[in-house]
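Participant: got a predicted model here, sequence first, then my questions.
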Amino acid sequence: MDASHPPRYSGLLGLAATVLMMAAVAAVFLYAPDDNNPQMGGAWPWLQRIFYFHVSAALSAGLAYFLVFLGSLLYLISRRDQWDRFAGVSAELGVMFSLFVLVSGPLWAKPVWGVFWRWEPRLTTMLVTFTTYVVYLMVRSYAEPGERSQRFAAVFGIVAFVNVPLVHLSVHMWSAAQQLHPPGIELGPAMSHTKYLCYAAFGCLFLHLMRLRLSQERLAARLRQFLRQAGAG
């Protein structure tokens, strides 16, 4: 596949992501009803609307971190540069979506909990995961190019994934007295439809961004190879 000539469906994927995201925003603010559940901030029923985006971003981040793990493992098996690039791009997306989670969560928490942040299990594990992958990207950026650095990054990417399941399981692993996140919320039909539409919109956006970044990385790799050959010549 020629990275400089992406397939036609790449544009269609971007269009689909735009349309789905616009539909998701409309559904969140015009279709989904207010939620009076006290766990979600019953005094501010409109406030829970942020969670349609918050949870979708968290799932996208989790998917990205799994792809870092997968790409790192496949690189160690095959030693093919494409899997190293795949892992690096996945980590970038994971950090981006995690940052959205860490910003949108406190925006909801301030009027409900009275503070922007509390060191409860899910928040803490999410922050640790975000920080770990920021360090992973720093290692990739500052290490000397070469197979040794790629191997180190791959091992790092595999080990870092250990913390990702803890973000999801944290509400079950610690006692209820330590929790602020509810283990589960029942949603009505309209709210469920909106939730899944947001999942689809974020999923399509994730695929579109992944494709764009991988194409950029392939082009950058070709340019570096050309410059090395021109320098050697």
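Facilitator: Ah, there it is. Numbering: from 1, shown residues only.
Participant: which of the helices or strands spans the closest residue to Q82 other than its chain neighbours?
Facilitator: In space, and not counting its chain neighbours, Q82 is closest to R218: 7.9 Å by C-beta to C-beta, 6 or more residues apart in numbering. Using the backbone N, CA and C atoms, a C-beta is placed for each residue, glycine as well. Counting by DSSP states H and E, the element that carries R218 is helix 189-232.
Participant: and that helix, average pLDDT?
Facilitator: Averaged across helix 189-232, pLDDT comes to 89.
Participant: heads up, I number from 329, so please use that
Facilitator: Sure, I'll start counting at 329 from here, so that last one is helix 517-560.
Participant: now F425: closest residue in space, sequence neighbours ignored.
Facilitator: A389 (3.9 Å).
Participant: tell me how far that neighbour lies from H382.
Facilitator: Applying C-beta to C-beta, to the nearest Å, the value for A389 to H382 is 11 Å.
Participant: overlap in contacts of the two?
Facilitator: Counting by C-beta atoms under 8 Å, 6 or more residues apart in numbering, the common neighbours of A389 and H382 are V429.
Participant: where does this structure have its least confident helix or strand?
Facilitator: Least confident helix or strand, the chain: helix 492-501 with a mean of 80, by mean pLDDT, DSSP states H and E.
Participant: grab the most central residue of this structure for me.
Facilitator: A389 (2.0 Å; C-alpha atoms, centre = their mean).
Participant: how about the helices in this protein?
Facilitator: 337-354, 378-406, 409-441, 449-470, 475-488, 492-501, 517-560 (DSSP state H).
Participant: mind checking which of these is nearest D362?
Facilitator: helix 517-560 (9.8 Å; C-beta to C-beta).
Participant: name the helices or strands packed onto that closest one?
Facilitator: helix 337-354, helix 378-406, helix 409-441 (3 or more C-beta pairs under 8 Å, 6 or more residues apart in numbering; DSSP states H and E).
Participant: picking up where we left off before, tilt between the least confident helix or strand of the chain and helix 449-470?
Facilitator: For helix 492-501 against helix 449-470, the angle by axes from the mean of the first three to the mean of the last three C-alpha atoms, to 10 degrees is 170 degrees.
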